[in-house]
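**Student:** sequence unknown, structure follows:
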């Protein structure tokens, strides 16, 4: 965000970039789809301008996908400025999506992948915990699971991060 004030707009969901999302599965329920099809998108999505021109969805990926499925050509959006570049902008985008997780719960596998991605961007477990408001013990446990079969079990939804970390201790 470039610090400018937000601008309200009506946008075509087909023109939006939705490539950058921490969710692996949008989990669009039939009830959610029906609501969007019948009433449209009631809460504006949040987008930013990219250097190339198109708008990128920051929050509202599920609403955007459901609007596309329903054949909607206009949805409300809040344009919050220009997309930043580099690591700081990527971290900010990920943390913003994390903060929106109450809309539809993020899976343990998605939590694990988010913590790993933030660590790859140079954040320590303490900073990851502070930015995501996740327990530091969970973040630290997640970061110990790289290249373990327990990590795959978390991704498949078979174990929580804490369960996987406890089992991984016995790998050695």
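**Tutor:** On my side now, so go ahead. Here the structure is a predicted model, which is why all the values come from computation and not from measurement.
**Student:** burial check on residue 47, number of neighbours?
**Tutor:** By the criterion of other CB atoms under 10 Å, residue 47 has 26 neighbours. Backbone N, C-alpha and C define where each C-beta goes, glycine included.
**Student:** do the same with residue 142
**Tutor:** Residue 142 has 26 neighbouring residues, counting by other CB under 10 Å.
**Student:** verify the contact between it and residue 110 for me.
**Tutor:** No. If you go by CB atoms under 8 Å, residue 142 and residue 110 don't touch, sitting 11.0 Å apart.
**Student:** now do the helix or strand encompassing residue 151: which elements does it pack against?
**Tutor:** Element membership of residue 151 [criterion: DSSP states H and E] is helix 149-155. Packing partners of helix 149-155 (3 or more CB pairs under 8 Å, 6 or more residues apart in numbering; DSSP states H and E): helix 108-120, helix 161-168.
**Student:** buried ones in the longest one?
**Tutor:** The one in question is helix 108-120. Residues of helix 108-120 classed as buried: 108, 109, 110, 111, 112, 113, 114, 115, 116, 118, 119 (neighbour count, 16 or more other CB atoms under 10 Å).
**Student:** partner strands of the strand ranked longest in the chain, with direction?
**Tutor:** Taking DSSP state E as the criterion, the chain has its longest strand at strand 75-82. When pairing is defined by DSSP bridges, strand 75-82 lines up against strand 7-11 (antiparallel), strand 45-49 (parallel).
**Student:** fine by me, we can end here.
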